[in-house]
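Q: Next comes the sequence, and after it the predicted model I'd like to discuss.
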Amino acid sequence: MANNTNPKKVQEELAKKNQQSSVKKLMFDPNTGELIVQAPTEQEQAPNAVVVDSIYKDGFF
């Protein structure tokens, strides 16, 4: 599965992260301004993307 920028899928993943039931990475691509949901086993396809999992959990994102 390739990285996913579909807003509905990102929203579903955010809900899972709130329940601490997600193993996927939440990333932000500054080139496109999009959030990306990516499985930990996938190779990063956006070289400038930043993992924002801890920022999201801390309430800054």
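A: Noted; the coordinates are in hand.

Q: And the residue nearest the centre of the chain, which helix or strand is it part of?
A: For the chain, the residue nearest the mean C-alpha position is L26 (1.8 Å; C-alpha atoms, centre = their mean). L26 belongs to strand 25-29 when assigned by DSSP states H and E.

Q: could you check the angle strand 25-29 makes with the helix or strand following that strand?
A: Elements were assigned by DSSP H and E; along the chain past strand 25-29, the next helix or strand is strand 34-38. Between strand 34-38 and strand 25-29, the angle comes out at 150 degrees (axes from the mean of the first three to the mean of the last three C-alpha atoms, to 10 degrees).

Q: Sheet-wise, list the partners of the helix or strand following strand 34-38 with their directions.
A: Counting by DSSP H and E, the element after strand 34-38 in chain order, helix or strand, is strand 50-51. Here strand 50-51 has these sheet partners by DSSP bridges: strand 25-29 (antiparallel).

Q: ok, and what's touching the strand it pairs with?
A: 3, 5, 10, 13-14, 17, 34-40, 44, 46, 48-53, 56, 61 (C-beta atoms under 8 Å, 6 or more residues apart in numbering). In this view, the C-beta of every residue, glycine as well, is placed from N, C-alpha and C.
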